[in-house]
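Novice: Attaching a predicted model along with its sequence, questions to come.
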Amino acid sequence: MSDKMRGTVEMTAAMVISGTIGLFVVLSGQPVMDVVFWRCAFGAVTLLIVCAALGLFRPEVMSRSQIAYAAIGGVAIVSNWILLFAAFPRASISIATAVYNTQPFMLVALGAMFFGERLTLTKLAWLGIAFGGMLMIVQAKSGATTGTDYLSGILLALGAAFFYAIAAIITKKLKGVPPHLIALIQVTVGIAMLAPFANFGHLPTDAGTWALLIAVGVIHTGVMYILLYGAIQKLPTNLVGALSFIYPVVAILADFLAFGHRLQPLQLLGAAAILIAAAGMTLGWSLARPRVAQA
């Protein structure tokens, strides 16, 4: 099997795993802080074993400043998990995931504000389409039966996308650092952040709940990171971007199969607009018709 084919399989598996995390979070029935804490705890054990096996615990692998950047990124990524998981029961897994995929626009906005990156007409057009999709989803609120607090769920998903964009920008400072080690530092920071809020006095008593929490940590964090980073090393950026859209499709399908959540026509149209705009932004599609070269 070629590297490209192996990377495609790894990326596809990583996105399918990511798409089912909302299902595990909701089925666990646990408070969001507890779910994220156990995700970090079980994920840390998995990544610790992987990093040790790869021989990454050497002083020359990371500088102190890089460790500090990774820790700050950990605060952002854990905040992202908290907000996204809180959005699931409010706006449904489908809607929260669609709104969460406004991440590319958050990155563009932050790049323009803090790094002087140029906003092209094409990027602004994709942003406008995504914003239109957001308006459709918000307007569908009155007839929504998919969550207990629809609008707050949308806002939480937007907040999650913002913190993901922050984490992505910080990760750019860590070029050359083994990604498995970055992930280990991030989940370790998460353990420290959430330990004071974790409900140790009322731990789950049934094996099913523990199985779901362990899966979120080991499979959706440890295994998913390993597959994702392995794929990124083997695939061109455009293919990574294209395959990443397997994640929202799987999430929407899982939400329908597990909970029977059907998107209303306006919600479906809004979600499609956001995902198409995100794909256009990520993959560099142009909205303008190419000019025919004149002799």
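Specialist: Perfect, I can see it now. Numbering: from 1, shown residues only.
Novice: For burial, what's the neighbour tally of the residue nearest to Leu47 when sequence neighbours are not counted?
Specialist: Nearest in space to Leu47, with sequence neighbours left out and distances taken as CB to CB, 6 or more residues apart in numbering, is Leu184 at 4.1 Å. In short, each C-beta sits where N, CA and C put it, glycine included. Look at Leu184: counted by other CB atoms under 10 Å, it has 27 neighbours.
Novice: so how far is Met193 from Leu184?
Specialist: Distance, Leu184 to Met193, using CB to CB, to the nearest Å: 15 Å.
Novice: picking that back up, so which strand or helix has the residue nearest to Leu47?
Specialist: Per DSSP states H and E: Leu184 is located in helix 179-194.
Novice: contacting residues around that helix?
Specialist: The contact list for helix 179-194 (CB atoms under 8 Å, 6 or more residues apart in numbering) reads 33, 36-37, 39-41, 43-44, 47-48, 50-51, 54, 56, 61-62, 67, 70-71, 73-75, 77-78, 81, 167, 171, 174, 221, 225-226, 229, 232.
Novice: What's the local residue count around Val16?
Specialist: Count around Val16 with other CB under 10 Å applied: 17.
Novice: mind checking how far the nearest residue to it once chain neighbours are set aside is from Ile154?
Specialist: Distances taken as CB to CB, 6+ apart place Val250 nearest to Val16, at 5.3 Å, with adjacent residues excluded. As judged by CB to CB, Val250 and Ile154 stand 21 Å apart.
Novice: And the helix or strand harbouring Ser18, what's buried?
Specialist: Assigned by DSSP H and E, Ser18 belongs to helix 3-19. For helix 3-19, burial by neighbour count (16 or more other CB atoms under 10 Å) applies to 7-8, 10-11, 13-19.
Novice: now the strands: where do they sit in the stretch 151-295 of the chain?
Specialist: Ranges of strands in the stretch 151-295 of the chain, per DSSP state E, counting those that start in this stretch: none exist.
Novice: What ranges does it have for its helices?
Specialist: 179-194, 207-217, 224-234, 237-243, 246-259, 265-283 (DSSP state H, counting those that start in this stretch).
Novice: Just name the most buried of those helices.
Specialist: Stretch with highest mean neighbour count among the helices of the stretch 151-295 of the chain: helix 179-194 (a mean of 22; mean count of other CB atoms under 10 Å).
Novice: tilt between that helix and helix 224-234?
Specialist: Interaxial angle of helix 179-194 relative to helix 224-234 (axes from the mean of the first three to the mean of the last three CA atoms, to 10 degrees): 150 degrees.
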